[in-house]
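Novice: Here is the input, now give the coordinates:
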Amino acid sequence: MRLALLTHEPFYPPSGGGSAEAVYLVNELTRRGHEVHLFCPEFPDRAAVAKRFGITVHPFTGWRMGRHTRLRSLKYVAYPGALRRLVRRAARETAFDALLSQHAISAVAAGRLKADLGLPVVMNFLDFLTGFMESWPRWKMSRLLLRRLMAYELSLPKRHDADAVLTVSGELARRFAETGYDADRLHPIQYGFDANLFQPQTGNREPLTVAMHGSFDTHHLGPIAARAIADIALARPETQFLFIGTETDALKTLAKRVRADAPSAKLECTGFVPYAEVAGPLGQASVGIIPYEPSAGAHCAFVAKFVEYTALGLPVVSTPLAGVKAYFDGEPSVRFSAFDGGTFAEDVVEVLDNPPPQAESERLAKRVAAELDWSVICAQAVDRLEAVVS
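Specialist: Now for the predicted structure:
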């Protein structure tokens, strides 16, 4: 088939969160002989990357896009209209067989393009984007507006009669079904990782290191994280805290909050690390943490860092997020704490003092390698896409 793949994220290099999936999805599509036309924001070395992956790239160049660009939210609102126009222009010269959207932002454009072009549409939701805003302060996001945004995002599949919807978790699929969208068209595929890059680490993990990897947005680093890290630093002053990713304003704010209570806390941020290199620093940690605040977005997520931690054989302490709890609950190397910073800190200290048996961590690493490697996740996605088109 000739496929139009739509995303709001620059394709390469992956910048974190859901962006890594697109690379492996494209590999699976081209491996099966499909012709991929990628519609996404401009990115470095576009021609060379397109040649390497065997795809045609239709770049959006209207304004800079990315996780850490200025005025990001406003750009996200304007992007679907611009993306729709970009695809319509290309469709005048190229006959596409189907549209596949990545994330909610491009799903807005894909839904409208279904009516424009009369093509089948598959929407791939890697998170519940507006649901994360529940953890934003009220002065930053009106709760009335937020309720409308969340309802609009969840309405997209039914509103545009999407032919199929892929979701990152069963929890997110459940919420789409509650809108009246046909449950038979919903397919939870979860979120994956590259098993070739993230291999279990068995070396010495000294000194004690608490690690977190990600894009460090506001919804990742709230009061729970600040309280927990400060309490851990006070209880175990020798502990190092490693943040693997871009040093965002949210991370700087967290550091100020932590140091106000624990001035000697040992905090380090690596800056941006390419996806292919994340396993190196992360694999040296003693424990991986996910201290997310409760929100619809967090509960619907199948958190990427959770998969990476377990793939490397790290013990994990996380707040009890529904999406990942349904998959990992009962695993000895995983501890679901409470939505409370003090309790979270106590659980992390307990894991540092009494780590789970290495054999249990290695067993879980094997499980995720067999079930969540990108080859498995993307094969499921393409199987569903092919079924829709056929």
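
Novice: From here on, just use CA atoms for contacts and neighbour counts.
Specialist: Noted.

Novice: Tell me where the stretch 251-390 of the chain has helices.
Specialist: 279-282, 296-300, 304-311, 322-328, 341-353, 358-372, 374-389 (DSSP state H, counting those that start in this stretch).

Novice: So which elements touch the third one?
Specialist: Helices and strands touching helix 304-311, as assessed by 3 or more CA pairs under 8 Å, 6 or more residues apart in numbering; DSSP states H and E, comprise strand 287-290, strand 316-318, helix 358-372.

Novice: which ones are touching residue 158?
Specialist: Residue 158 makes contact with 179, 180, 181 under the criterion CA atoms under 8 Å, 6 or more residues apart in numbering.

Novice: from those, which would you call buried?
Specialist: Neighbour-count burial (16 or more other CA atoms under 10 Å) is assigned, among the contacts of residue 158, to residue 181.

Novice: In a markdown table, list the contacts of residue 158 along with pLDDT, distance to residue 112 and secondary structure.
Specialist: Formatted as a markdown table, the contacts of residue 158 follow (pLDDT from 0 to 100; distance: CA to CA, whole Å; DSSP: H, G, I helix; E, B strand; the rest coil):
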| residue | pLDDT | distance to residue 112 | secondary structure |
| --- | --- | --- | --- |
| 179 | 97 | 19 | coil |
| 180 | 97 | 19 | coil |
| 181 | 98 | 17 | coil |
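
Novice: just the contacts of residue 158 now: which is nearest residue 256?
Specialist: residue 179 (41.5 Å; CA to CA).

Novice: what's the closest non-adjacent residue to the closest one?
Specialist: residue 155 (6.5 Å; CA to CA, 6 or more residues apart in numbering).

Novice: how about the helices of the stretch 251-390 of the chain, which one is nearest residue 109?
Specialist: Across the helices of the stretch 251-390 of the chain, residue 109 has its closest neighbour in helix 374-389 (17.9 Å, CA to CA).

Novice: Give me the buried positions along that closest one.
Specialist: By neighbour count with 16+ other CA under 10 Å, helix 374-389 contains the buried residues 374, 375, 376, 377, 378, 379, 381, 382, 384, 385.

Novice: In the stretch 201-350 of the chain, where is pLDDT below threshold?
Specialist: Flagging of the stretch 201-350 of the chain using pLDDT under 70 yields the residue ranges 202-206.

Novice: Quick one: the strands in it, in order.
Specialist: Per DSSP state E, counting those that start in this stretch, the stretch 201-350 of the chain carries strands over the ranges 209-213, 240-244, 266-269, 287-290, 316-318, 334-336.

Novice: Make CSV out of those and add mean neighbour count and distance to residue 328.
Specialist: Below are the strands of the stretch 201-350 of the chain laid out as CSV (neighbours: other CA atoms under 10 Å; distance: least, CA to CA, whole Å):
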stretch, mean neighbour count, distance to residue 328
strand 209-213, 24, 18
strand 240-244, 21, 23
strand 266-269, 16, 28
strand 287-290, 25, 13
strand 316-318, 24, 10
strand 334-336, 23, 7
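
Novice: possible to save these as a markdown table with distance to residue 187?
Specialist: Below are those laid out as a markdown table (distance: least, CA to CA, whole Å):
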| stretch | distance to residue 187 |
| --- | --- |
| strand 209-213 | 27 |
| strand 240-244 | 31 |
| strand 266-269 | 37 |
| strand 287-290 | 26 |
| strand 316-318 | 25 |
| strand 334-336 | 26 |
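
Novice: List just the one of those that sits closest to residue 234.
Specialist: Comparing those by CA to CA, strand 266-269 comes nearest, at 10.7 Å.

Novice: If you count contacts, what does that closest one end up packed against?
Specialist: So strand 266-269, by 3+ CA pairs under 8 Å, 6+ apart, packs with strand 240-244.

Novice: Strand 209-213 and the strand it packs on, what's the angle between them?
Specialist: Put simply, strand 240-244 runs at 20 degrees to strand 209-213, going by axes from the mean of the first three to the mean of the last three CA atoms, to 10 degrees.

Novice: Help me confirm that the residue nearest to residue 179 comes into contact with residue 178.
Specialist: No. Applying CA atoms under 8 Å as the test, residue 155 and residue 178 come out as separate, 9.7 Å apart.

Novice: and the two? which has more neighbours close in?
Specialist: residue 155 (19 against 12; other CA atoms under 10 Å).

Novice: in what helix or strand does the more buried one lie?
Specialist: helix 143-159 (DSSP states H and E).

Novice: That helix: which residues count as buried?
Specialist: For helix 143-159, the neighbour count (16+ other CA under 10 Å) marks 146, 149, 150, 153, 154, 155, 156, 157, 158 as buried.

Novice: from those, which is closest to residue 319?
Specialist: The closest of the buried residues of helix 143-159 to residue 319 turns out to be residue 150 (CA to CA; 22.2 Å).
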